[in-house]
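J.: Using only what follows, build the 3D model:
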Amino acid sequence: MERNEQIHDQAEVTLDQINKKTGRNMPQAIATAVLLIAVILGCLLISVDLFVALVVAFMILALWELRVDFATAGLHIPVFMLWICSAVTLFAAYYSRLHVVAMALCAMASIMLVALSATAKLSFGNRLSLAVANKLSHTEATARLESSFNHDGGEQHHSRLSHVAVSVLTVLYIPVLASCIIVPLTFHGHPVAHAIMLVFLPALSDTGGLFAGAWLGKHKLSPRISPKKSWEGLAGSVLFAMVGAFAVMFCTYSPQVWAARWWVPVVMGVLVGVVGTFGDLCASMIKRDLGIKDMGHLLKGHGGVMDRVDSILMAAPFTCILLWVTGL
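T.: Residues are numbered from 1 along each chain as shown. The predicted structure follows:
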């Protein structure tokens with residue numbers, strides 16, 4: 001009995017050490033990752049259209065997270081207009097015959113409509129206030145004091161131009177980058193392989209960076225923005241993305257394509273690893289400026305939807321262009 005208790009205690013200590021090194025609850029993170037993988041693969045196996053709808057749903061959740069996050073600093077984005085514009089842009093990019101043209105036109109229209117809506121600063125009900133209060137209750141005391149929602153007339157010290165600028169940034173960050181996940185589903189006849197490369201390679205890269213950084217990381221990549229990021233972690237990100245790209249290409253393309261395009265997984269691994277890490281750093285910079293730890297709490301062990309998709313969104317246009325140019 002005593003031996004079992006010792007083993008149990010030792011396992012708890014080991015798990016705590018792993019959680020401390022990785023900066024997250026690993027059992028929860030693994031369980032959430034398995035569930036997400038099952039849902040995404042299930043949608044792809046049933047129908048690519050269902051996968052497109054899933055991307056739209058995730059972007060809608062991400063926009064709500066950004067709405068709450070920006071509101072903690074007194075910044076307003078017109079979430080209803082963003083929801084409508086994002087859904088129209090993503091569906092148009094997939095279902096229109098001229099996919100890129102439709103995406104570009106919808107993106108330009110979205111920028112204008114969202115910018116106009118941002119000047120109105122309309123808000124309905126108290127759901128946002130409750131979400132902000134809950135967010136601030138899980139935030140460090142210094143960040144909570146700095147939040148304008150703790151003062152009367154919190155948003156008054158921001159100009160209308162600030163709200164418009166943040167809203168336009170959100171359009172570029174969510175629907176425009178997410179469209180680069182949708183467009184590759186429409187060319188060269190390999191929608192499932194393209195979807196896997198666009199979604200899972202950045203996630204695999206994050207995993208490689210997490211483990212390489214936790215166990216080998218000694219040289220900090222950007223200590224001011226993200227203290228846990230290291231050059232060793234970046235190398236792990238690139239290596240894991242490269243291996244994943246080789247695996248997807250091996251399962252998808254013929255030997256003739258392999259002979260002519262053997263270098264593509266190498267380039268893709270470097271692009272996804274480097275750009276995905278840059279996406280993580282950009283998200284970390286936004287979180288530091290807003291004084292929050294995570295973008296949300298929907299995905300246990302990962303934070304919010306934005307915490308999971310930041311590297312996916314940033315890497316999507318580069319992967320999209322590479323697949324188009326190489327004819328894969």
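J.: rest of the way, CA atoms for contacts and neighbours
T.: Will do.
J.: Under the pLDDT cut-off, which ranges of the stretch 1-150 of the chain? List them.
T.: 1-26, 121-150 (pLDDT under 70).
J.: May I ask which helix or strand encompasses the residue lying closest to residue 250 once chain neighbours are set aside?
T.: With Cα to Cα, 6 or more residues apart in numbering as the criterion, residue 250 has its nearest non-adjacent residue at 7.7 Å, and that residue is residue 258. Assigned by DSSP states H and E, residue 258 belongs to helix 255-260.
J.: Quick check: what element follows that helix along the chain?
T.: helix 264-290.
J.: Which strands or helices does that next one pack on?
T.: Helix 264-290 is packed against helix 191-216, strand 226-230, helix 231-252, helix 305-326, with contacts defined by 3 or more Cα pairs under 8 Å, 6 or more residues apart in numbering; DSSP states H and E.
J.: one more time with 10 Å
T.: helix 48-71, helix 141-146, helix 191-216, strand 220-222, strand 226-230, helix 231-252, helix 305-326 (3 or more Cα pairs under 10 Å, 6 or more residues apart in numbering; DSSP states H and E).
J.: give me phi/psi at the nearest residue to residue 285 once chain neighbours are set aside?
T.: Excluding its sequence neighbours, the residue lying closest to residue 285 (Cα to Cα, 6+ apart) is residue 225, at 5.8 Å. Residue 225 adopts backbone torsions of phi -90, psi -50, taken as degrees, to the nearest 10.
J.: Now distance to residue 31 and mean neighbour count too, for the helices and strands packed on helix 264-290, in CSV please.
T.: Listed next are the helices and strands packed on helix 264-290 as CSV, based on distance: least, Cα to Cα, whole Å; neighbours: other Cα atoms under 10 Å:
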stretch, distance to residue 31, mean neighbour count
helix 48-71, 18, 20
helix 141-146, 31, 14
helix 191-216, 14, 22
strand 220-222, 29, 16
strand 226-230, 23, 19
helix 231-252, 20, 22
helix 305-326, 14, 21
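J.: least reliable of the ones you listed going by mean pLDDT?
T.: Between those, the lowest average pLDDT goes to helix 141-146, which shows a mean of 52.
J.: so residue 177 sits right up against residue 319, yeah?
T.: No - contact criterion Cα atoms under 10 Å: residue 177 and residue 319 do not qualify, at 11.3 Å.
J.: Leaving out sequence neighbours, find the closest residue to residue 322.
T.: Using Cα to Cα, 6+ apart, the nearest residue to residue 322 is residue 268, at 7.6 Å.
J.: Around that neighbour, how many other residues sit close by?
T.: 24 (other Cα atoms under 10 Å).
J.: Check the one 3 residues further on too.
T.: Applying other Cα under 10 Å, we find 20 residues neighbouring residue 271.
J.: Kindly report the same for the one 5 residues further on.
T.: Here the neighbour count serves as a burial measure; for residue 276 (other Cα under 10 Å) it reads 29.
J.: Quick one: residues contacting it.
T.: Residue 276 makes contact with 201-203, 205-206, 234, 237-238, 241, 270, 282, 309-316, according to Cα atoms under 10 Å, 6 or more residues apart in numbering.
J.: one more time with 6 Å
T.: 311, 315 (Cα atoms under 6 Å, 6 or more residues apart in numbering).
J.: For residue 109, see how far away it is.
T.: 28 Å (Cα to Cα, to the nearest Å).
J.: May I have the helix holding residue 258 exported as PDB, CA atoms only?
T.: Written as PDB, here are the backbone C-alpha positions of helix 255-260 (Å, rounded to 0.1, in the frame of the first residue of the first chain):
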ATOM      1  CA  PRO A 255       6.400   9.000 -57.000                       C
ATOM      2  CA  GLN A 256       6.700  11.200 -60.100                       C
ATOM      3  CA  VAL A 257       5.600  14.200 -58.100                       C
ATOM      4  CA  TRP A 258       8.000  13.200 -55.300                       C
ATOM      5  CA  ALA A 259      10.900  13.200 -57.700                       C
ATOM      6  CA  ALA A 260      10.100  16.600 -59.000                       C
END
